[in-house]
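Next comes the sequence, and after it the predicted model I'd like to discuss.
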Amino acid sequence: MLAATKEILADLIAFPTVSADSNLAMIAYLAERLESCGARVEVLHDPGGTKANLFATLGPEGDGGLVLSGHSDVVPVSDQDWTSDPFTMVERDGRLYGRGSCDMKGFIAATLAMAPEFAARGLTRPLHFAFTYDEETGCIGAGQLAEDLARRGLRPSLAVIGEPTSMRIIEGHKGCCEYSTRFQGLEGHGSAPDRGVNAVEYAVRYVARLLELRHSLKGMAPADSRFEPPWTTINIGALHGGSVHNVIAPRARVDWEMRPVQGGDAVFVKAEMQRYVEDELLPAMRAVFPGAAIETEIVGEVAGLIPAERNEARRILAELTGANGADLVPFGTEAGIFQALGMDVVVCGPGSIDQAHKADEYLALDQLSQCLDLLRGLAGRLAPTDAA
């Protein structure tokens, strides 16, 4: 089984599914392999028709059952110093190198390799495969898939999101909210700053307010928070604006994010920033130039995975792996989207997040073997009458 998984992973890595590009060729490959096992496959295109989710089912129709989920997109390789072609898998020293090897095509390859065995088990509960687009740019595909499932009234019970966790069971992570705030001012000569509206200056004031709120959020952390750090964080990713020394900058953009530990924190930050813009920044800008504007684009607002007292997926994986508990992680996944649909969800997959997004990304072979063992155990849970 490991050899078959490696072959599939090599095929998947060869698809350069960087988020900026189409994933349709890889989706077609996944669909063909699953259909050959007897799965009922749906390819659900994005509004532009250049990307797609795949949702496939083995076993009986109906509610319940398990979702195995992974995203098809990968981060860019530009400006990274790879020692081999990032889209050609290379095996070396017990590791499989290639873009997406651990994040997260290794998990997808394992599910495909196991699909014939799942199909042969005579499943008594549904097994779903959910492969999405644009996770790396805001979990856009998973959001569309959730809408599709809700519209159809399909209600799976459990979900395993195969992000790289070194096969640890993860029961919680913070949300991830990403924004781009654009400032429109009035251009002018740098020698007369009062006659223009410097968009960069107002962007700086906006950033300063965000940093004040970042400090306030530290005191709002729940007393029992298990996250590290335990409070909601704010990060300023980029500030763009201006051109030369002596021109008043007419435009600027701030790219920023926050990772809330609780929904109320996100509401607090957005309300405070809206008040600051409407009560202070915009009046000052429009006193000079009535056409001044500040607009915030929501790049993505992805719900966190909330640790639950009862979680059937966590219980099953703990029994199969022998784990004594479950952990939290600081990075985001699509898990919260599935949890919002009413599923018990965990994140568990092969590879380490420490290798993700880097040059010479790799997946250790022992991690892939552990993943296959877990999937084989899940097959038994979905076909309990099978003596195997």
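Nice, thanks for sending it over.

so how far is the host helix or strand of H128 from its chain's centroid?
Per DSSP states H and E, H128 falls inside strand 127-132. From the chain centre to the centre of strand 127-132 is a distance of 15 Å (CA atoms, centre = their mean, to the nearest Å).

what's the answer for stretch 113-123, then?
With CA atoms, centre = their mean, you get 28 Å for stretch 113-123.

What of stretch 5-14?
On CA atoms, centre = their mean, the centre of stretch 5-14 falls 21 Å from that of its chain.

Then stretch 197-206?
Counting by CA atoms, centre = their mean, stretch 197-206 comes out at 31 Å from the chain centroid.

Pull out the buried residues from it.
Burial within stretch 197-206, assessed by neighbour count using 16 or more other CB atoms under 10 Å, is assigned to 197-203, 206. Glycine gets a C-beta too; all of them are placed from N, C-alpha and C.

And for stretch 56-73?
Buried residues in stretch 56-73 (16+ other CB under 10 Å): 56-59, 65-73.

and those, which two are the farthest apart?
Spanning the widest gap among the buried residues of stretch 56-73 are G59 and D73, at 27.6 Å by CB to CB.

Disregarding residues adjacent in the polypeptide, which is nearest to G94?
L365 (5.0 Å; CB to CB, 6 or more residues apart in numbering).

for A192, phi and psi?
When read as degrees, to the nearest 10, the backbone of A192 gives phi -130, psi 70.

so how far does stretch 76-96 reach from one end to the other?
This stretch, stretch 76-96, spans 18 Å end to end (CA to CA, to the nearest Å).

returning to that earlier point: the strand holding H128: partners in the sheet, and parallel or antiparallel?
When pairing is defined by DSSP bridges, strand 127-132 lines up against strand 52-58 (antiparallel), strand 66-71 (parallel).

Now do the helix or strand following that strand against strand 127-132, angle only.
Downstream of strand 127-132, the next assigned helix or strand under DSSP H and E is helix 140-152. Comparing the axes of helix 140-152 and strand 127-132 via axes from the mean of the first three to the mean of the last three CA atoms, to 10 degrees yields an angle of 140 degrees.

tell me how far helix 140-152 is from the chain's mean position?
Offset of helix 140-152 from its chain centre (CA atoms, centre = their mean): 15 Å.

helices and strands around it, which ones?
If you count contacts as 3 or more CB pairs under 8 Å, 6 or more residues apart in numbering; DSSP states H and E, helix 140-152 packs onto strand 40-45, strand 52-58, strand 66-71, strand 127-132, helix 335-339.

contacting residues around that helix?
For helix 140-152, the surrounding residues in contact (CB atoms under 8 Å, 6 or more residues apart in numbering) are 44, 46, 51, 53, 55, 69, 71-73, 130, 132-135, 155-156, 300, 334, 337-338, 340-341.

neighbouring contacts of the longest helix along the chain?
If you go by DSSP state H, the chain has its longest helix at helix 199-218. For helix 199-218, the external contacting residues (CB under 8 Å, 6+ apart) are 181, 183-185, 229, 231-234, 236, 239, 241-242, 249-254, 256, 265, 268-269, 272-273, 276-277, 281, 284-285, 294.

The residue nearest to R259 when sequence neighbours are not counted: how many residues sit nearby?
Nearest residue to R259 in three dimensions, chain neighbours excluded: K174, at 4.1 Å (CB to CB, 6+ apart). Using other CB atoms under 10 Å, K174 has 28 neighbouring residues.

so K174 makes contact with P330?
Yes. Assessed by CB atoms under 8 Å, K174 is found in contact with P330 at 6.7 Å.

what is in contact with these two at once?
Shared contacts of K174 and P330, defined by CB under 8 Å, 6+ apart, comprise 227, 259.

Look up how far I170 lies from the residue nearest to G94.
22 Å (CB to CB, to the nearest Å).

Those two: which is more packed in?
Using other CB under 10 Å, the more surrounded residue of L365 and I170 is I170, with 25 against 18.

Would you mind naming the residues that bridge with that one?
D327, V347.

any idea how far F331 is from it?
I170 is 10 Å from F331, by CB to CB.

what residues do the two have in common as contacts?
Common neighbours of I170 and F331, using CB under 8 Å, 6+ apart, are E163.

Please identify the helix or strand for Y179.
Under the criterion of DSSP H and E, Y179 resides in strand 176-184.

other SSEs contacting that strand?
Under the contact rule (3+ CB pairs under 8 Å, 6+ apart), strand 176-184 is packed against helix 199-218, strand 251-259, strand 293-302.

The longest one: what's the following helix or strand?
Along the chain past helix 199-218, the next helix or strand (assigned with DSSP H and E) turns out to be strand 233-241.

how far out from the middle of the chain is that following strand?
On the basis of CA atoms, centre = their mean, the separation between the geometric centre of strand 233-241 and that of its chain is 20 Å.

swap in stretch 138-146?
Taking mean C-alpha positions (CA atoms, centre = their mean), stretch 138-146 and its chain are 9 Å apart.

in that stretch, what's buried?
138-146.

Next, format these as JSON lines and append pLDDT and distance to R381.
Shown next, in JSON lines, are those (pLDDT from 0 to 100; distance: CB to CB, whole Å):
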{"residue": "G138", "pLDDT": "85", "distance to R381": "33"}
{"residue": "C139", "pLDDT": "91", "distance to R381": "27"}
{"residue": "I140", "pLDDT": "92", "distance to R381": "31"}
{"residue": "G141", "pLDDT": "94", "distance to R381": "27"}
{"residue": "A142", "pLDDT": "95", "distance to R381": "24"}
{"residue": "G143", "pLDDT": "93", "distance to R381": "29"}
{"residue": "Q144", "pLDDT": "94", "distance to R381": "29"}
{"residue": "L145", "pLDDT": "96", "distance to R381": "24"}
{"residue": "A146", "pLDDT": "95", "distance to R381": "24"}
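
one step back: so can I have a markdown table of the buried residues of stretch 197-206 showing pLDDT and distance to L24?
Shown next, in a markdown table, are these (pLDDT from 0 to 100; distance: CB to CB, whole Å):
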| residue | pLDDT | distance to L24 |
| --- | --- | --- |
| V197 | 98 | 45 |
| N198 | 98 | 44 |
| A199 | 98 | 39 |
| V200 | 98 | 40 |
| E201 | 98 | 45 |
| Y202 | 98 | 42 |
| A203 | 98 | 38 |
| Y206 | 98 | 39 |
